[in-house]
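Engineer: Provided below for reference: sequence and predicted model.
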Amino acid sequence: MARQRTERPGDGARSVREDRGPVRYGPPAPDPGLPVLPELAEVLAAAAGRGEPEPTGGGADLRTAAAAYWERRGLPGSPERVAAAPGASPLLLALIAAHGGDVLMPRPCPATWIPQARLLGRPAYHVPTPAECGGVPDPYALLETVRRVRAEGGRPRLLLISVVDDPTATVAPPELVREACEAAIAEGLHVVSDETWRDTLHRPYDTVLLSPAEMCPDDVTVVCDLAGALTPSAWPVAVARFPDTERAAVRHARTLDILTALGALVAGPVALAAAHALREPEAVTDRARRAAALQARVAAAAHRAVLAAGALARPPQAGRHLYADLGPLRSRLAGRGVTDSLELEEYLTERLGAPTPGGHRFGDELGALRVRLGTGTLLGSTPQQQLESLTAVAPLELPHVAGALSIFATALDELR
């Protein structure tokens, strides 16, 4: 039987237009909508005269700071088991290449995952997620997919998950994480857990977050893009924590080889700023806490607007976005020439004046009318407005926030 690569939009779906390809025109991570933290800018500026890059995988200072960051979250480990890269994409590319075999991932998944597998020529198989969250596949569907792939001649070796998910902005329940990881490991898969958004929980004291590495320390590599919560996206740096096993040591070394071949070195000044952020001084933790609380309020208001328009979306629990299904509005959208997620992306991007990537970029079928709606653009158009939003007691009552939410709600309400 011929092997079917399920990274395609869906059976019978037409291809994405060449001038809007998912790699060259792929969406960036959701915009934080906030200016650079002055303390981090000062660290970067002080290091601007440093001309040499970090060694492959990051210098000792950056790796030690990353190891301490994870230890504070219940994941102790050695700096020698940490690797850094200039952004999540080259780091993930190196990890996939180092592990070999076919890749499994949830549907939907972060927009950067599918292109990495494609660039390596690896089959990427999507697994459905349960109704309550995204980011982690349904365990039974995972087992069935593994068996089907093997029956078709495939070699499933790697499972990518995100317990705090982009694009769905949900947090996977611990019992689901446990069942999915146990199923994957029983089938011989290694798990890569993307925990980029773990520090952006909207209700950190009410949300139970469990890293797969806490349950299966020998079989999980943890990845974190610092641009999720700690550093600006213009300063690319991501870190990976490898298990403390001989097999993981071989993969760690192979990952460093691939990063070297790619020339994927972290810039020296960026590494110093990233290490400072990972040490989590008070200014960094205060900004992260305030930003998450602000995003919680704005995302909740955006979620109410989505539901009021007759669309569907899971309540956002983290990050600076939500994932909406406009399928119930299909007939009205068709009247505006919108029949798939690519056309929906174009329509809402123009209508909202902000990037609104369609679900096809996250592995959903092209015919499904789903989009990721960012909330960072609702915080203000200038650094002054954004800082006012961050410090206001009632940010939703600020004129610039209320106005942005009104435009957002009106664009959706027109489709009822």
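Structural biologist: Cool, got the structure.
Engineer: check which helix or strand covers residue 257.
Structural biologist: Element membership for residue 257 (DSSP states H and E) is helix 246-262.
Engineer: Pull out the buried positions in that helix.
Structural biologist: Taking 16 or more other C-beta atoms under 10 Å as the neighbour-count basis, helix 246-262 is seen to contain the buried residues 248, 251, 252, 254, 255, 256, 258, 259, 262. Placement of C-beta: from N, CA and C, glycine included.
Engineer: can you redo these as a markdown table with pLDDT and distance to residue 161?
Structural biologist: A markdown table is the format used below for the buried residues of helix 246-262 (pLDDT from 0 to 100; distance: C-beta to C-beta, whole Å):
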| residue | pLDDT | distance to residue 161 |
| --- | --- | --- |
| 248 | 97 | 17 |
| 251 | 97 | 17 |
| 252 | 98 | 20 |
| 254 | 98 | 21 |
| 255 | 98 | 18 |
| 256 | 98 | 24 |
| 258 | 98 | 22 |
| 259 | 98 | 22 |
| 262 | 96 | 24 |
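Engineer: pretty sure residue 400 is in contact with residue 387, am I right?
Structural biologist: No: if you go by C-beta atoms under 8 Å, residue 400 and residue 387 don't touch, sitting 11.6 Å apart.
Engineer: Just want to know which of the two has more residues nearby.
Structural biologist: residue 400 (18 against 14; other C-beta atoms under 10 Å).
Engineer: got the contact list for the more buried one?
Structural biologist: Contacts for residue 400 (C-beta atoms under 8 Å, 6 or more residues apart in numbering) come out as 380, 381, 385, 388, 389.
Engineer: Can you select the buried ones among the residues you listed for me in PyMOL?
Structural biologist: Those of these that count as buried under 16+ other C-beta under 10 Å are selected in PyMOL with:
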select buried, resi 380+385+388+389
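Engineer: between the contacts of residue 400, which is closest to residue 63?
Structural biologist: residue 389 (35.0 Å; C-beta to C-beta).
Engineer: Please report phi then psi for the closest one.
Structural biologist: Phi and psi for residue 389, reported as degrees, to the nearest 10, are phi -60, psi -40.
Engineer: Okay, and which of the contacts of residue 400 map to helices?
Structural biologist: Among those, the ones falling in helices (DSSP state H) are 385, 388, 389.
Engineer: Same list (these) but as a markdown table, adding pLDDT and distance to residue 199.
Structural biologist: Output for the ones in helices among the contacts of residue 400, formatted as a markdown table (pLDDT from 0 to 100; distance: C-beta to C-beta, whole Å):
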| residue | pLDDT | distance to residue 199 |
| --- | --- | --- |
| 385 | 98 | 24 |
| 388 | 98 | 23 |
| 389 | 98 | 19 |
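Engineer: Out of those, flag the one nearest to residue 292.
Structural biologist: The shortest gap between residue 292 and any of the ones in helices among the contacts of residue 400 belongs to residue 389, at 13.3 Å (C-beta to C-beta).
Engineer: looking at it, the closest one is touching residue 294, isn't it?
Structural biologist: Yes: using C-beta under 8 Å, residue 389 is in contact with residue 294, at 6.1 Å.
Engineer: Spit out the residues that contact the two alike.
Structural biologist: The contact sets of residue 389 and residue 294 overlap at 379, 395 (C-beta under 8 Å, 6+ apart).
Engineer: nearest residue to residue 38 other than its sequence neighbours?
Structural biologist: Spatial nearest neighbour of residue 38, chain neighbours left out: residue 283 (8.0 Å); criterion: C-beta to C-beta, 6 or more residues apart in numbering.
Engineer: right, I mislabeled it, should have said residue 262
Structural biologist: residue 90 (5.7 Å).
Engineer: Measure how buried the one you found is and give me the count.
Structural biologist: Residues lying near residue 90 (other C-beta under 10 Å) number 19.
Engineer: on that earlier part again, which strands or helices does the helix or strand following the helix holding residue 257 pack on?
Structural biologist: Downstream of helix 246-262, the next assigned helix or strand under DSSP H and E is helix 268-278. Helices and strands touching helix 268-278, by 3 or more C-beta pairs under 8 Å, 6 or more residues apart in numbering; DSSP states H and E, are helix 38-46, helix 60-71.
Engineer: okay, those in a markdown table with mean neighbour count and mean pLDDT next?
Structural biologist: A markdown table is the format used below for these (neighbours: other C-beta atoms under 10 Å; pLDDT from 0 to 100):
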| stretch | mean neighbour count | mean pLDDT |
| --- | --- | --- |
| helix 38-46 | 15 | 97 |
| helix 60-71 | 20 | 98 |
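Engineer: Switch those over to CSV; also include distance to residue 337.
Structural biologist: Listed next are those as CSV, based on distance: least, C-beta to C-beta, whole Å:
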stretch, distance to residue 337
helix 38-46, 44
helix 60-71, 48
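Engineer: out of those, nearest to residue 358?
Structural biologist: helix 38-46 (32.8 Å).
Engineer: who touches that closest one?
Structural biologist: Outside helix 38-46, the residues touching it (C-beta under 8 Å, 6+ apart) are 231, 232, 235, 269, 270, 272, 273, 276, 277, 281, 283, 284.
Engineer: Isn't residue 231 up against residue 274?
Structural biologist: Yes: using C-beta under 8 Å, residue 231 is in contact with residue 274, at 5.8 Å.
Engineer: Kindly point out which residues are neighbours of both of those two.
Structural biologist: Common neighbours of residue 231 and residue 274 (criterion: C-beta under 8 Å, 6+ apart): residue 237.
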